[in-house]
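1. Task: produce atomic coordinates for the following.
(one chain, ligands or ions: 1)
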Amino acid sequence: SSSAASPSDDFLRCLSDKIPTEQVYTQSSSGFMAELTSSVQNPRFVTNATVRPACIVAASDASHVQAAVRCGRRSGVRLRVRSGGHDYEGLSYRAVRAETFAVLDLARLRAVRVRAGDATAWVDSGATLGELYYAIGTANPGFAFPGGACSTVGVGGYLSGGGIGLMMRKFGIGADNVLDAMIVNADGELLDRGRMGEDLFWAIRGGGGESFGVVVSWRLKLSMVPHTVAVFNIAKTAGDGGDAAAVLAKWETLILEPFLPELTIRVVLQGRTALFQCLYLGSGGCSLLAATMHAYFPELGMTTSDCHDLTWLRAMAFISLGTADAPPEGMLRRTNNLGTYVKSKSDYVRRPMGAAAWSALFTNYLSNTTAGILILEPHGGVVGGVVPDFATPYPHRAGVLYNIQYGVFWWGDAEGDNSAAARRWLDALYAAMEAAVSGNPREAFVNYRDLDIGENVVGGGDGGMTAYESARRWGERYFMGNFRRLAAVKGRVDPGDYFRNEQSIPPLLQPY
Ligand code: FDA
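-> Here you go, the predicted model:
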């Protein structure tokens with residue numbers, strides 16, 4: 001006599017005639033761990049203690065996504081959707097508490113179809129940013145897209161969280177450039193923009209992944225750039241006669257003006273070094289850039305010999321891979337990271353910190369370790385107010401000078417002395433920064449997901465619903481005044497709260 005079949009058995013049976021069996025991995029399949037870890041970027045979430053999926057569905061067609069949603073709902077198995085696997089808390093492939101779920105992996109749904117005639121492209125969510133850059137840059141060297149600096153990030157998660165990078169001062173965030181999308185909703189229907197409606201189309205362009213359905217593909221407006229753009233990396237040192245703190249203090253006063261939207265300089269701080277990374281999208285290339293830097297930012301000491309005139313595609317390879325002769329094909333490599341443990345947090349800065357604060361940051365935090373990093377991503381230009389704060393869910397626009405991403409690395413074990421020391425460093429730095437960064441709320445970026453700022457509470461057990469009030473604590477930090485509208489959209493499109501994780505948007509069923 002056999003007991004009742006488990007939800008995951010029901011799920012597998014339901015899928016069996018809709019998806020090739022070799023694309024469904026159960027925990028006992030020999031390929032399970034390789035599939036699970038294929039895009040994992042943080043070994044914190046592949047330990048023996050990690051709550052793993054009961055199975056992985058490797059979709060290669062929109063119909064597979066629809067089948068996974070329909071079968072998942074019928075059998076009571078939730079899905080975690082994974083595109084590029086870069087989620088900072090691993091929520092695309094693990095759960096914090098015991099739960100039966102399947103991973104719906106989209107890595108095989110990765111086509112990029114460029115339409116040169118009207119400068120648009122359809123890109124599937126499972127493509128990486130590097131694959132997107134390569135397809136559009138080889139179609140026409142005058143085409144570009146405002147993506148991020150890291151080529152292995154998935155398009156699905158990047159656009160779901162808004163997507164910031166070195167081109168947003170000129171073209172807005174990634175999500176500002178989405179014209180249409182195909183989504184599988186909680187009923188398993190495949191809908192385009194016209195059929196999903198404008199409020200759902202608004203929500204998926206920055207409201208965070210997972211909450212509203214599975215976005216299968218996105219139609220993008222391509223940006224037009226000169227046939228060559230200019231890039232440089234210049235490092236400055238702090239302490240012992242180095243002037244990095246003073247240079248940073250000057251840098252933060254240049255973001256809103258006089259720098260034009262075509263000119264972006266982000267900064268990476270590690271140890272005693274500040275690395276200034278520039279992308280210039282205007283005409284005139286390195287020679288005009290050098291003249292501009294001489295006039296407005298002589299403290300950096302930039303000359304034309306620091307600078308490279310490259311096609312946009314090669315410039316993205318320079319930024320992502322670090323050298324001017326880096327072949328763009330290098331951005332097609334998909335890599336995972338199972339060696340270095342990472343924890344990240346984020347902030348937004350709305351008034352200059354000043355040289356004394358930068359100097360203290362180097363002395364008290366950065367020079368104590370080389371295992372910590374700060375990335376400063378300047379706003380201003382188009383992202384800084386041309387597009388209003390409510391145009392998409394991404395609210396960190398007017399008045400923002402820059403985003404800070406803090407990261408700390410360690411080796412050895414997920415939990416233990418190394419982890420504790422790394423966390424102490426990060427938490428002390430984050431506490432010390434409070435006075436300098438935005439407050440009420442202290443803003444954070446959803447794409448740099450951080451469970452320290454709050455986790456959902458689900459009422460009434462597994463079949464229950466995420467409580468709206470429990471989510472406000474983290475939700476208003478990511479989305480500010482847009483959080484409530486996101487919850488109202490969620491209440492309309494997924495009132496049963498099927499698509500959820502520890503930081504999904506809660507359904508607001510009775511707007512009040
Ligand atoms: P992953 O597959 O892990 O998904 C992330 C979240 O979105 C999960 O909740 C997942 O369920 C959901 N999701 C994924 N695909 C979905 C889909 N098709 N439909 C619905 N929900 C979906 N960000 C940035 O804006 N600018 C940057 O420059 C960088 N740089 C960067 C570098 C590195 C090394 C890392 C690790 C991360 C970044 N990021 C970033 C952050 C990155 O944008 C963020 O982690 C994205 O969520 C990653 O997207 P993936 O598809 O890779 O993640």
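
2. For the closest residue to Thr311 other than its chain neighbours, give me its contacts.
-> Distances taken as C-beta to C-beta, 6 or more residues apart in numbering put Pro141 closest to Thr311, at 4.8 Å, once the chain neighbours are dropped. Where C-beta positions appear, they are placed from N, C-alpha and C, glycine not excepted. Contacts for Pro141 (C-beta atoms under 8 Å, 6 or more residues apart in numbering) come out as 227, 311-313.

3. near the ligand, which residues of the stretch 401-512 of the chain?
-> Residues of the stretch 401-512 of the chain lying close to the ligand (C-beta under 6 Å from any ligand atom) are 447, 501.

4. swap the cut-off to 5 Å and go again
-> Contact residues (C-beta under 5 Å from any ligand atom) of the stretch 401-512 of the chain with the ligand: Asn447.

5. Do a quick rundown of the helices in the stretch 401-512 of the chain.
-> 417-432, 468-479, 483-493 (DSSP state H, counting those that start in this stretch).

6. any chance of those helices in a markdown table, plus mean neighbour count and distance to Ala5?
-> Below are the helices of the stretch 401-512 of the chain laid out as a markdown table (neighbours: other C-beta atoms under 10 Å; distance: least, C-beta to C-beta, whole Å):
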| stretch | mean neighbour count | distance to Ala5 |
| --- | --- | --- |
| helix 417-432 | 15 | 40 |
| helix 468-479 | 20 | 33 |
| helix 483-493 | 21 | 30 |
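
7. So for Arg73, which of these sits nearest?
-> Comparing those by their distance to Arg73 (C-beta to C-beta), the top pick is helix 483-493, with 13.7 Å.

8. Residue ranges in the stretch 401-512 of the chain under the pLDDT threshold?
-> By pLDDT under 70, the low-scoring segments of the stretch 401-512 of the chain are 461-462, 511-512.

9. And whichever residue of it sits closest to the ligand, how far from Tyr133?
-> Residue nearest to the ligand within the stretch 401-512 of the chain (C-beta to the nearest ligand atom): Asn447, separated by 3.9 Å. Distance, Asn447 to Tyr133, by C-beta to C-beta, to the nearest Å: 18 Å.

10. thinking again about what came up before, if I've got this straight, the residue nearest to Thr311 is in a helix?
-> No - the assignment for Pro141, made by DSSP: H, G, I helix; E, B strand; the rest coil, is coil rather than a helix.

11. related to what we said a few turns ago, find me the pLDDT at the nearest residue to the residue of the stretch 401-512 of the chain closest to the ligand once chain neighbours are set aside, would you?
-> The shortest distance from Asn447 to any non-neighbouring residue, by C-beta to C-beta, 6+ apart, is to Gly161 (3.4 Å). At Gly161, the pLDDT value in this model is 98.

12. repeat for Glu252
-> 97.

13. what does the one 3 residues further on give?
-> For Ile255, the model assigns a pLDDT of 97.

14. where along the stretch 351-500 of the chain do the strands fall?
-> Shown for the stretch 351-500 of the chain, the strands assigned by DSSP state E, counting those that start in this stretch span residues 372-378, 402-410, 458-459, 465-466.

15. ugh, typo on my part, it should be the stretch 201-350 of the chain
-> All strands of the stretch 201-350 of the chain, identified by DSSP E, counting those that start in this stretch, fall at 214-221, 223-224, 229-239, 242-243, 263-270, 273-280, 307-310, 341-349.

16. would you list these in TSV and tack on mean pLDDT?
-> Conversion of the strands of the stretch 201-350 of the chain to TSV gives the following (pLDDT from 0 to 100):
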stretch	mean pLDDT
strand 214-221	98
strand 223-224	98
strand 229-239	96
strand 242-243	92
strand 263-270	98
strand 273-280	98
strand 307-310	98
strand 341-349	98
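
17. Packed most tightly, which of those strands would that be?
-> Mean neighbour count (mean count of other C-beta atoms under 10 Å) peaks for strand 214-221 among those, with a mean of 24.

18. Strand partners (parallel or antiparallel) of that one?
-> According to DSSP bridges, strand 214-221 forms sheet pairs with strand 120-124 (antiparallel), strand 178-184 (antiparallel).

19. what about that strand and the ligand, any contact?
-> Yes - Strand 214-221 reaches the ligand (C-beta under 5 Å from any ligand atom) through 214-215.

20. got the CA positions of that strand in CSV?
-> Provided in CSV are the C-alpha atoms of strand 214-221 (Å, rounded to 0.1, in the frame of the first residue of the first chain):
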residue,chain,number,x,y,z
VAL,A,214,7.8,34.8,-15.2
VAL,A,215,9.0,37.3,-17.8
VAL,A,216,10.1,35.2,-20.7
SER,A,217,11.4,38.0,-23.0
TRP,A,218,11.7,41.7,-23.3
ARG,A,219,11.6,44.1,-26.2
LEU,A,220,14.3,46.7,-25.9
LYS,A,221,14.8,50.1,-27.4
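
21. List of residues touching that strand?
-> With C-beta under 8 Å, 6+ apart as the test, strand 214-221 has contacts from 62, 65, 69, 79, 81, 104, 106, 109, 111, 119-125, 145, 155-156, 159-160, 177-184, 190, 204, 209, 499.
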